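Visitor: Give me a 3D structure for the following:
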Amino acid sequence: MSKLDRFDDKEDAVSPVIATILMVAITVVLAGTLYVWAAGLAESNTDGTLSLYAFDAKEAPGTPTEATDDNLAIITMTQGQDITWAVLSVKLSINGAASTSCAVPGQTGGSCVVVDSSDEANIWSVGEDVTVTENGVDMCSDANCEMSFAITNLRTGQSLAKTTTGVGSNPISDNADTTPTNPVDDTPQEPQQPGEEDDSTSDDSTGDDSTGGDSGACTASSECMAGGYCYNGQCVYDDQDMDGVTDLQDNCPQNANANQADSDQDGTGDACDSTPYGPMTTYYRDADGDTYGDASQTTDAYSQPTGYVTNANDCDDSDNTLGDITNDADCDGVITPNDCDDGDSTLGDIQNDADCDGVVTADDCDDYDATVYMLNSEGNCAPEPTYTVVYLDQTSVVNIVGGNYVFNDGLTYDSSLQYGLGTGTFVLTGIPTNHPFAILNDGVATITYTGDANTQSTDVVNGVTYDFYYGDVTITVTGDFGTLSVYCPYHGYMGGENILVYDSQNAVQDTTPPTITVLGDNPATVEVGSTFSDPGVTVYDQDGSNTYTTTGTVDTSVLGAYTLTYTAVDDSGNQASATRTVNVVDTTAPVVTLVGDSQVNVEVGSTYTDAGATATDNYDGDISSQIVVVNSVDVNTLGSYTVTYSVSDSSNNPATVVTRTVNVVDQTAPTITILGANPVTIEAGSTYTDAGATATDNYNNDVSADISATSTVDSNTIGSYTVTYTVSDASGNQATAVRTVIVEDSTPPTIALIGSNPVSVEAGSTYTDAGATATDSYDGDLTSSITTTSDVNTNTVGTYTVTYTVTDSSANSATASRTVNVVDTTAPVITITGANPVDVDLGTTYSDAGATATDAYDGDLTSSITVSS
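Guide: Got it, this is the predicted structure:
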């Protein structure tokens, strides 16, 4: 890339490799003008070469849609660094103003944005390019603009810095006036140089009063009073960064930040905040993908980069089978609880090497003693014995004919002993390799030694040269050999006898105490109340003794630490002791037993009394009083509740928590109250209106609205019917109530007399009754069922009754009567006897001829005639 390549939105002349400087997302884009500058920069740092590339293009104001719309500069690390950088801070200063922290990859908030398109986000490697863009903000308001970059690796403290001044041009319109204007009088304004005071807002407090004062609205800065400028049609004052927000209200008054972004909400705007997104997190490279990071490969970022994790616990980041160093410090693939020595990778799994001596159990003759793993030269599973060479007193020398002979124990020479060497030939067999027979190599002719050349060696002991033999050796003594020494530096015994030493110069003395190996676990743990069987020890000593005594007792009925001491003394009086600690412990948890059922139901609204539990312990006995009960049962609310019982014994062994499930249930059916009479009787043929019912529930209260009623009542048919009321509560408990409705005919029939009532009949005549009709509300016409009784005697004047009776199918009887009056309404008949009229002479006496009287009922009434004249 040349330093003066052109760039506009139609031609992608530059495609830099962009490395991540930060990874936090912010989305803020502001309108602004792009200025990019040509630059040829001098090196100013000691850690490498930082080249600054820019362009001579200058776009008109607009609203960019991508960060690359506003290329300000491209920064390239070109040399001096052979490792990658995790660049954590990029600051840009324009014309000597306070530095602005540029947003980093993944973030778009701020006046400038650092853009990285490389594959390795947040790593800036040698030769990579990073594009710094104006984020929709006209940072360079002059045609000439000095830019100062400071790029700092906050983790290492390394820093790179550049400063350049360039001139921009407008590729869109050569005639466009892109010169910034003075906010006071709109006159062309010279670019402000670094450190130069900005006098564009010099005091002009009088202003132009001809406008009648400053209304606040404006179309140009010249319309505003001194110190103000026109922003979005409104005069703004006391705003040094001219972003439309007054200094008093601006959270970053020295850098334009009209949106007042404050990502970490610390009161300092992002445009002025060196860490606008709060503290960063250190991440660690996880090359092998095992989720554990390499502590030596770090990067600081706001969000987690790909291939990095937050922990630094990987013991080997090239092997995904070796992970968390906190559980495997020596990185041998065996986690800490099972690792013999987590600081030594040669010592591995304790399950296969109990004594952690590096020899697996199958090959270790004693996997509980790290000092022993193979049989020694004597066939014992014990360390090779050590011996001390001491000088013997001359009193141990016995003068024998033919020479001086000295024995370790100072006894008188006895030629019958196996290794007593007089004149003659002697064969010593089976001399072990670590117990060689030593002969002073001084060329004495009177004693010769022969043996396998492969079993002989020569060495210097205490400044004297000896021939050492092992295996089978033949010794021939032909005469007195003077002061020849036979020296065995490692062992004082061969074949069970004291070895012969010549010249009393050196002898072997046993000063090594026996080796006691404690068998079994040490410390040993035994459960209180059980039986402890001591596994004992093994004793090894070079003199063959293997007895020992044990002191100490273990009381398994009482908790505590007990010590058993094992003591062994060899034939030379060397004493050794070993101890075993026996811890009588209580590891048995108490047992909690529920009293009563493990699941109980209790009726809602009632009282719940828990049956409790008991607890027994193998050591503490009955600890029921120590049970902790957690009871959350609410008997007023339906639900399933758990009562827990927990207890620990005096050794803090927690019992398995026992629970009881308490179900608060509603098993009580609602109560239905039938309103009105029950049973109820209605007249057949009438209309039946049910009086209804109410229902209450112990939990749901009034459930009357939920009642359903079914009725079989037929009021037109006599019979017994039911109305059934049914209701269920929310728990499904159902209640039923029944009303009996009796449809009956209780209305007697109606008898209607035909004819008059009463009726009169002439005595002596014949009476014919007119009859009656009968109707019933249920049976209808019952006329044919009328029975009539009559006592009418027409021959006798009097009052008589005709009774009509009828009964319906429901046995309702009706009676009606007719009064029959037998009357005599026919007057008697008087028959005058004699002539009528009759003539009588005046003056004569009249003698009446009389008359007769008869009556239809009374007969002859002549005697009852009353005569009057």
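
Visitor: The closest residue to Ser708 other than its chain neighbours bridge partners, please.
Guide: Closest residue in space to Ser708, ignoring its immediate chain neighbours: Thr726 at 5.2 Å, by Cβ to Cβ, 6 or more residues apart in numbering. To be clear about C-beta, it is placed using only N, CA and C from the backbone, and glycine gets the same treatment. Per DSSP bridges, the residues bridged to Thr726 are Ser708, Thr736.

Visitor: any idea how far Thr726 is from Ile865?
Guide: Using Cβ to Cβ, to the nearest Å, Thr726 is found at 94 Å from Ile865.

Visitor: Please apply the same query to Ala774.
Guide: 51 Å.

Visitor: do Gly293 as well
Guide: 163 Å.

Visitor: Asp776 contacts Ile751, doesn't it?
Guide: No: between Asp776 and Ile751 there is no contact under Cβ atoms under 8 Å: 10.2 Å.

Visitor: before we move on, the earlier item: what sits against the residue nearest to Ser708?
Guide: Ile707, Ser708, Ala709, Thr710, Gln734, Ala735, Thr736 (Cβ atoms under 8 Å, 6 or more residues apart in numbering).

Visitor: Filter these down to the buried ones.
Guide: Ile707, Ala735 (16 or more other Cβ atoms under 10 Å).

Visitor: just the contacts of Thr726 now: which is nearest Arg660?
Guide: Of all the contacts of Thr726, Gln734 has the smallest distance to Arg660: 29.5 Å, by Cβ to Cβ.

Visitor: got the phi/psi numbers for the closest one?
Guide: With angles defined as degrees, to the nearest 10, Gln734 sits at phi -110, psi 140.

Visitor: Can you tell me the closest non-neighbouring residue to it?
Guide: Ser728 is the one closest to Gln734 (Cβ to Cβ, 6+ apart), at 4.6 Å.

Visitor: Please report how far that neighbour lies from Val665.
Guide: In terms of Cβ to Cβ, Ser728 sits 15 Å off from Val665.

Visitor: Check Leu638 too.
Guide: In terms of Cβ to Cβ, Leu638 sits 7 Å off from Val665.

Visitor: Overlap of the contact sets of these two?
Guide: Taking Cβ under 8 Å, 6+ apart as the criterion, Leu638 and Val665 both touch Val604, Ser731.

Visitor: and the nearest residue to Val558 once chain neighbours are set aside, how many neighbours?
Guide: On the basis of Cβ to Cβ, 6+ apart, the spatially nearest residue to Val558 that is not a chain neighbour turns out to be Val584, at 6.6 Å. The number of residues packed near Val584 is 22, by other Cβ atoms under 10 Å.

Visitor: any idea how far Thr616 is from Val584?
Guide: 20 Å.

Visitor: Likewise for Ser263?
Guide: 63 Å.

Visitor: okay, and the helix or strand of this protein with the least pLDDT?
Guide: strand 32-35 (a mean of 25; mean pLDDT, DSSP states H and E).

Visitor: Outline the domain layout of this structure.
Guide: The chain breaks down into these domains under automatic domain parsing: 1-172+245-277, 200-237, 388-509, 515-585, 591-665, 671-744, 750-823, 829-864.

Visitor: how long is the shortest one end to end?
Guide: By that I understand domain 829-864. In domain 829-864, first residue to last residue: 12 Å (Cα to Cα, to the nearest Å).

Visitor: Buried residues, that domain. List them.
Guide: Result for domain 829-864 [16+ other Cβ under 10 Å]: buried residues Ala853, Tyr857.

Visitor: So for it, mean pLDDT?
Guide: Average pLDDT, domain 829-864: 88.

Visitor: and what of stretch 524-534?
Guide: Per-residue scores along stretch 524-534 average to 94.

Visitor: Kindly report the same for stretch 289-301.
Guide: 80.

Visitor: Phi and psi next, for the closest residue to Ser813 other than its chain neighbours.
Guide: Leaving aside its chain neighbours, Ser813 sits nearest to Thr807 (4.6 Å; criterion: Cβ to Cβ, 6+ apart). Note on Thr807: its backbone torsions stand at phi -130, psi 130 [degrees, to the nearest 10].

Visitor: ok, the closest residue to Val628 other than its chain neighbours - contacts?
Guide: Of all residues not flanking Val628 in the chain, Ser646 sits nearest, at 5.1 Å (Cβ to Cβ, 6+ apart). Ser646 makes contact with Val592, Ile627, Val628, Val630, Pro654, Ala655, Val657, Val658, according to Cβ under 8 Å, 6+ apart.
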